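Engineer: predicted structure and sequence below. I'll ask about it afterward.
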Amino acid sequence: MNGTKQVKNKKKKRGRGIFAALAAALIIFSVGVASGKALERLAELPDYGSAVAAADAVDFVEAEIPENRFLILVNGKNKIPENYEPELTELSNGQRVDSDIYPDLQRMFDDMRAEGIYPVVGEGYRTRSEQQRMLDDKIRAFKKKGYSEKRARAMAEEWVAVPGTSEHELGLAVDINADKDNSANDEVYDWLYENAYRYGFILRYPFGKSYITGIDYEPWHYRYVGEYAEEIHKSGLCLEEWLERN
C-alpha cells in the first residue's frame, strides 16, 4: 500500500509541476504581450512629452522663440534658449514674474479676493542655478535613502525638471496656492480652472495629459499665453497639442 501511495504522490507532484510550469509560461507570455503593446504605444507618442523615459536619452532642442513669445514651448524636449532673459517684477512676497504678465496676474488676484478667495504665488520665476539646486537637493535626498547615483538622478528628474526645461525659468508660469489663513487650496484651484483663461492663463498640466506634457496633473500650475488662453481652454487641449494643430 505504501508503494502505491508513493507512486500516486509522485504523479500528483509531477502534475502540479507541469501545471506550475504552464502557468509560469502563460504569465511570461502575457507580460511579453503587454510589454509589446506598451512599446507600440510609446512609439506612437509625439516627439515631445514623456515618450522618452530617461533624461540621459533625451536630445534637447533649443526652443524657438515665436513672434508671440507667450507661446514659447518649453518641456522635457525643448530647452529654454541660453539668451532668454525676461524682465521681472517682484511681488509682495518676494516671488518674481515676467513684467508683461504682472498686470493680468494682479487683476486676476484682485477679482478673486473680491469674491472671498485669497490666492498667493507660491512659485514664480526661477533662475537656472535655482532649478539646478532643486534638482541636486532631490538627488541627494534619494541617495540618502540608499539609491545609486544613477537611480537617484533618474528618480529626481521625475519630480524636478532638468535645468533649462522648467517653465518657471520663463517667468511666464506661476504656482498658485491659497493663503491658508483665509482660503483652502481647493477653492483656489476650482476658481482658477473656471476663470483663469479670462486673464490670459491656462492650466498647463491638465489631468490625463501627462503622456504628452511629461508632467502629472498640477492644479496649481498656470501658464500665461495671453490672448489665446480662452481658445486653448475651451479646446480641451494641452499647450503641446494646441501648438501642433495651430
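Structural biologist: Looks like it came in fine. Just so we're clear, the structure is a prediction, and the values are computed from it rather than from any experiment. Residues are numbered from 1 along each chain as shown.

Engineer: residues of stretch 228-246 that come out buried?
Structural biologist: For stretch 228-246, burial by neighbour count (16 or more other Cβ atoms under 10 Å) applies to 228, 229, 232, 233, 237, 238, 239, 240, 241, 242, 243. From N, CA and C alone the C-beta is placed, and that goes for glycine too.

Engineer: how about the last one, nearest residue that isn't a chain neighbour?
Structural biologist: In space, and not counting its chain neighbours, residue 243 is closest to residue 73: 5.8 Å by Cβ to Cβ, 6 or more residues apart in numbering.

Engineer: was I right to think the one you found contacts residue 240?
Structural biologist: Yes - assessed by Cβ atoms under 8 Å, residue 73 is found in contact with residue 240 at 6.8 Å.

Engineer: now the strands for this protein?
Structural biologist: Secondary structure of the chain, counting by DSSP state E: strands at 61-62, 78-79, 88-90, 96-98, 119-123, 173-178, 201-203, 221-224.

Engineer: of the ones you listed, which is nearest residue 112?
Structural biologist: strand 119-123 (5.4 Å; Cβ to Cβ).

Engineer: so who does the residue most central in space within the chain touch?
Structural biologist: Residue closest to the mean C-alpha point of the chain, counted by Cα atoms, centre = their mean, is residue 215 at 1.2 Å. Each residue near residue 215 by Cβ atoms under 8 Å, 6 or more residues apart in numbering is listed here: 75, 204, 205, 221.

Engineer: distance of it from residue 194?
Structural biologist: 22 Å (Cβ to Cβ, to the nearest Å).

Engineer: residue 182 too?
Structural biologist: 19 Å.

Engineer: among those two, which residue is more densely surrounded?
Structural biologist: Between residue 182 and residue 194, residue 182 has the larger neighbour count (other Cβ atoms under 10 Å), namely 13 against 10.

Engineer: ok, now which ones touch the closest residue to that one other than its chain neighbours?
Structural biologist: Leaving aside its sequence neighbours, residue 182 sits nearest to residue 118 (Cβ to Cβ, 6+ apart; 3.9 Å). Taking Cβ under 8 Å, 6+ apart, we find residue 118 in contact with 112, 178, 179, 181, 182, 183, 188.

Engineer: which phi and psi does residue 118 have?
Structural biologist: Backbone torsions for residue 118, taken as degrees, to the nearest 10, come to phi -120, psi 100.

Engineer: can you report how many residues lie near the nearest residue to residue 112 once chain neighbours are set aside?
Structural biologist: Leaving aside its chain neighbours, residue 112 sits nearest to residue 119 (5.4 Å; criterion: Cβ to Cβ, 6+ apart). Applying other Cβ under 10 Å, we find 24 other residues in the vicinity of residue 119.

Engineer: measure residue 119 to residue 161 for me?
Structural biologist: Noted for residue 119: a distance of 23 Å to residue 161, by Cβ to Cβ.

Engineer: swap in residue 74?
Structural biologist: 9 Å.

Engineer: show me what contacts residue 146?
Structural biologist: Applying Cβ under 8 Å, 6+ apart, no residues qualify as near residue 146.

Engineer: just the pLDDT at it, thanks.
Structural biologist: On pLDDT, residue 146 comes in at 97.

Engineer: now swap in residue 196 and tell me
Structural biologist: 98.

Engineer: who's in contact with it?
Structural biologist: Counting by Cβ under 8 Å, 6+ apart, residue 196 has contacts 108, 202, 203, 222, 229, 233.

Engineer: hmm, 6 Å instead?
Structural biologist: residue 222 (Cβ atoms under 6 Å, 6 or more residues apart in numbering).

Engineer: the one 4 residues further on too?
Structural biologist: Taking Cβ under 6 Å, 6+ apart as the contact definition, residue 200 lies against 104, 224, 226, 229.
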